[in-house]
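**Q** How does the following fold in three dimensions:
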Amino acid sequence: MKKKTYLALSLALLLLLASACGSSGSAGAPPYGGTPSASTPSEEYWPDAEPQEPGDADFGYGGESMDSAVYQNPNAKLIRRAELHIQTEQFDQSREALNKLVGDCGGYFESASVYGGSRRDAYASRSGEYVVRVPSEKFSQFFSGAGDLGYVTNSTESSEDVGTQYYDLEARLKTQRTKQDRLLALLEKAETMEDIIALESALSEVEYQIESYSSELNQYNELIGFSTFRIYLSEVGKVTQEVGNTASLGAQMLAGIQSSFQGLVQGGQGFLVWVSYNLFLVLFLAAGIAAAAVVGVRKLKREKREKQDEKTED
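**A** All right, here's what the predicted structure looks like:
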C-alpha cells in the first residue's frame with residue numbers, strides 16, 4: 001500500500017513539474033505563426049534595429065525588372081545591380097543599340113571591353129563586357145530595353161538596403177559638425193596658447209572625421225543614385241534558343257532534329273575551314289596515300305602474275 005501511495009505521489013509531482021515547464025516556455029514567445037505578446041518588443045519600438053535586406057534575388061528574364069513597393073519607398077536606401085548575358089547574330093547593331101539605350105536613360109559606361117574582331121582575327125566571334133551606370137529611377141527602363149539587344153540567355157537582379165549604414169553615417173556627421181561649431185566658439189574665446197593648441201588639435205581630429213564621413217556618404221549616394229548593370233554581349237552564328245521541358249513531345253523532337261542538322265552543317269563547315277588552313281598537309285597526306293595505293297596494287301598484280309606463271313610451268 002505504501003509503495004502504491006509513493007508511486008502515485010511521484011507521478012503527480014512529475015505531472016506538476018511538466019505542466020510548469022510547459023507554461024513557462026510558452027509565456028515568453030508566441031507559437032509559430034501567432035502574434036507577439038504585449039511584452040514582446042517589435043520593430044516599431046526599436047528604430048535602430050537593422051531592417052531586413054531583400055538580398056540577392058535571381059530572376060528569369062521577362063523583359064521587365066521585378067519592381068515592388070520596397071523600391072518605391074523613399075526611406076529605403078537601395079543599391080541595385082543587374083547582370084545580363086546576351087547572344088546576338090549582329091554584334092555591331094547590338095552594340096550601337098546599347099550605346100543608344102545608355103544615352104536615352106541618362107547613364108554612362110564605367111568600363112567597356114571588346115574581344116575579337118582585330119586584324120589578326122577579323123572573322124572571329126566577338127564578345128563585349130560592359131559596366132553601365134544608370135540613374136536608379138531608370139532601372140526598369142534600361143532593364144526592359146536590354147531585351148532588344150539580342151537573346152537574353154541569363155539575367156540576375158539584386159538589391160541591397162544600406163539604410164542603416166547610411167542614416168548612421170548621417171547622424172555621426174551631424175554630431176561631428178555640432179562638435180566642430182562648439183570647438184570654434186571655444187577657440188574664439190581662448191586666451192592662453194595652451195588652450196588654443198588643444199582646441200586646434202581637437203578641431204583637426206573633428207575635421208578629419210567630417211571628411212571621412214562625408215566621403216563615405218558621397219560613395220553611398222553614388223551607388224544609390226546610379227544602378228550598376230553588367231552586360232555580357234556574345235556574337236554567335238546562330239542563337240541557341242532551346243525548347244523547354246514544358247513544350248510538347250513533337251516540338252522537342254523537332255528541335256532535336258534541327259539541332260542535329262545544324263550540328264552536321266557546322267561540323268562540315270568546320271572541316272572545310274580546317275582543310276583550307278592545312279591545305280598543304282592535306283595534299284601531302286593525299287599524295288602519300290595515293291602512292292601507297294599504287295605500290296600496293298602493283299605488288300598484288302606482280303604476285304598474281306607470279307602465281308599464274310608457276311601454274312603454267314606445272
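**Q** ok, what's across the strand from residue 114?
**A** Residues in a beta bridge with residue 114, per DSSP bridges, are residue 128.
**Q** wait, doesn't it sit right on residue 124?
**A** No: checked against Cβ atoms under 8 Å, the pair residue 114 and residue 124 is beyond contact range at 11.5 Å. Yep, even glycine has a C-beta here, placed from its N, CA and C like the rest.
**Q** So for these two, which residue has more residues nearby?
**A** Using other Cβ atoms under 10 Å, the more surrounded residue of residue 114 and residue 124 is residue 114, with 15 against 12.
**Q** which residues does that one contact?
**A** Going by Cβ atoms under 8 Å, 6 or more residues apart in numbering, residue 114 touches 95, 126-128.
**Q** Just among the residues you listed, which is most surrounded?
**A** Going by other Cβ under 10 Å, residue 128 tops the contacts of residue 114 with 21 neighbours.
**Q** Just to check, that one is in contact with residue 231?
**A** Yes: with contact defined as Cβ under 8 Å, residue 128 reaches residue 231; the gap is 7.4 Å.
**Q** tell me the strands in the chain, going along the chain?
**A** For the chain, applying DSSP state E gives strands covering 56-57, 78-88, 108-115, 127-135, 151-161, 226-235.
**Q** Against residue 211, how distant is residue 198?
**A** Taking Cβ to Cβ, to the nearest Å as the measure, residue 198 falls 21 Å from residue 211.
**Q** the more surrounded of the two?
**A** Between residue 198 and residue 211, counted using other Cβ under 10 Å, residue 198 has the larger neighbour count: 15 against 11.
**Q** where's residue 136 relative to residue 159, distance?
**A** When residue 136 is compared with residue 159 (using Cβ to Cβ), they lie 10 Å apart.
**Q** the more surrounded of the two?
**A** Just comparing residue 136 and residue 159: by other Cβ under 10 Å the higher neighbour count belongs to residue 159, 22 against 15.
**Q** thinking again about what came up before, of the contacts of residue 114, closest to residue 144?
**A** residue 95 (18.8 Å; Cβ to Cβ).
**Q** about what we covered before: and the furthest pair within the contacts of residue 114?
**A** Farthest pair in those, by Cβ to Cβ: 95 and 127, 11.0 Å.
**Q** what about the stretch 51-200 of the chain, any weak spots by pLDDT?
**A** Across the stretch 51-200 of the chain, residues meeting the criterion (pLDDT under 70) sit at 51-74, 118-123.
**Q** quick one on the thing from earlier: which residues are in contact with both of residue 136 and residue 159?
**A** 78, 80.
**Q** tell me the contacts of residue 149?
**A** 86, 88, 94, 97-98, 101, 231, 233.
**Q** Backbone dihedrals for it, both of them.
**A** phi -80, psi -20 (degrees, to the nearest 10).
**Q** Check the spacing between it and residue 128 real quick.
**A** Relative to residue 128, and taking Cβ to Cβ, residue 149 is found at 10 Å.
**Q** What of residue 232?
**A** Taken as Cβ to Cβ, the span from residue 232 to residue 128 is 8 Å.
**Q** before we move on, the earlier item: pick the one among the contacts of residue 114 closest to residue 184.
**A** For these, the nearest to residue 184 is residue 128 (53.5 Å; Cβ to Cβ).
**Q** Surely residue 180 touches residue 207?
**A** Yes: the criterion here is Cβ under 8 Å, and residue 180 meets it with residue 207 at 6.9 Å.
**Q** Who has more neighbours out of the two?
**A** residue 180 (16 against 13).
**Q** residues in contact with the more buried one?
**A** Contacts of residue 180 by Cβ under 8 Å, 6+ apart are 203, 206-207, 210.
**Q** and with 10 Å instead?
**A** 202-203, 206-207, 209-210 (Cβ atoms under 10 Å, 6 or more residues apart in numbering).
**Q** separation between it and residue 169?
**A** Taking Cβ to Cβ, one finds residue 180 at 16 Å from residue 169.
**Q** circling back to that earlier point, are there residues contacting both of residue 128 and residue 231? Which ones?
**A** By Cβ under 10 Å, 6+ apart, the residues touching both residue 128 and residue 231 are 86, 94, 98, 112.
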